[in-house]
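1. below: sequence and its predicted model.
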Amino acid sequence: MAIITPAFVERMIRSGPLTEARVRLRSGTACPRNKAQWDRFSSWSLICEEILDTEHAPDWYDDIVVELQRRGLSFEQMDAMRRFAWETVGWLNYDKMLWEWCSLDERDIRMALNWQLRDGLITRQQYEEGLRFLEHPAGIRQAEPTSGTASAAQWTAADRPRD
């Protein structure tokens, strides 16, 4: 049974920990504490924090959103990266039962793309688009979500990984 379904991904984008942090930031109730040395984290590893099999306090996610903004990412770009991360490394961590709780990043996303390609869950074109997005997430325009939602890598609902 698939855990990471299109509906699950969209629910996470609408209400996951990074979305809650964004809401707190916009309302002025965020409490970023800058507890971590963020320069040691890639932007992808920050995005993947909500995918880990662990939970942090809300201020941890407040810190992440503030740091990603400091790096020049808009909320729309963050959501595009989150959607892509859930569809790849989220699939790897939960549907394939990696159960990583320490760290996930672009290496893990690449591993998920390789696995999805090898298993025939994505096409070669989707794989290459995914690798391009992985390398240049801020450079790809985010499509407006629709029913079925296209990810930042321009996957359609029919193109999403299947179990």
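-> Arrived safely. Numbering: from 1, shown residues only.
2. can we go C-alpha only for contacts and neighbour counts from here?
-> Will do.
3. do I have it right that Ser42 meets Arg107?
-> No. Ser42 is beyond contact range of Arg107, at 10.8 Å (criterion: C-alpha atoms under 8 Å).
4. how near is Asp59 to Met12?
-> As judged by C-alpha to C-alpha, to the nearest Å, Asp59 and Met12 stand 18 Å apart.
5. now do Leu46
-> In terms of C-alpha to C-alpha, Leu46 sits 15 Å off from Met12.
6. what does the model give the residue sitting nearest the centre point of the chain for pLDDT?
-> When C-alpha atoms, centre = their mean is applied to the chain, the residue found nearest the centroid is Arg82 (2.3 Å). The model reports Arg82 with a pLDDT of 98.
7. same check on Asp39?
-> Looking at Asp39, its pLDDT reads 86.
8. for the one 10 residues further on, same thing?
-> In this model, Glu49 is scored at 95, pLDDT.
9. so it is in contact with Trp101, correct?
-> No. Counting by C-alpha under 8 Å, Trp101 is not a contact partner of Glu49; they are 9.0 Å apart.
10. neighbour count winner among the two?
-> Using other C-alpha atoms under 10 Å as the criterion, Glu49 and Trp101 rank with Glu49 on top: 23 against 13.
11. state the distance from the more buried one to Ala85.
-> 10 Å.
12. please apply the same query to Glu128.
-> From Glu128 to Ala85 the distance is 15 Å (C-alpha to C-alpha).
13. and those two? which has more neighbours close in?
-> Neighbours per residue (other C-alpha under 10 Å) separate Glu128 from Ala85, with Ala85 holding more: 29 against 14.
14. before we move on, the earlier item: what about Leu46 and Met12, which has more around it?
-> Leu46 (22 against 19).
15. distance from the helix or strand containing that one to the middle of the chain?
-> Per DSSP states H and E: Leu46 is located in helix 43-47. Computed by C-alpha atoms, centre = their mean, to the nearest Å, the separation of helix 43-47 from the middle of its chain amounts to 8 Å.
16. same question, stretch 1-19
-> For stretch 1-19, the distance to the chain centre is 10 Å (C-alpha atoms, centre = their mean).
17. before we move on, what about stretch 12-28?
-> That offset, for stretch 12-28, works out to 14 Å (C-alpha atoms, centre = their mean).
18. coming back round to it: now do the helix holding Leu46: everything it contacts.
-> Residues outside helix 43-47 that contact it (C-alpha atoms under 8 Å, 6 or more residues apart in numbering) are Ile64, Leu68, Met78, Met81, Arg82, Ala85, Ser103, Leu104, Asp105, Glu106.
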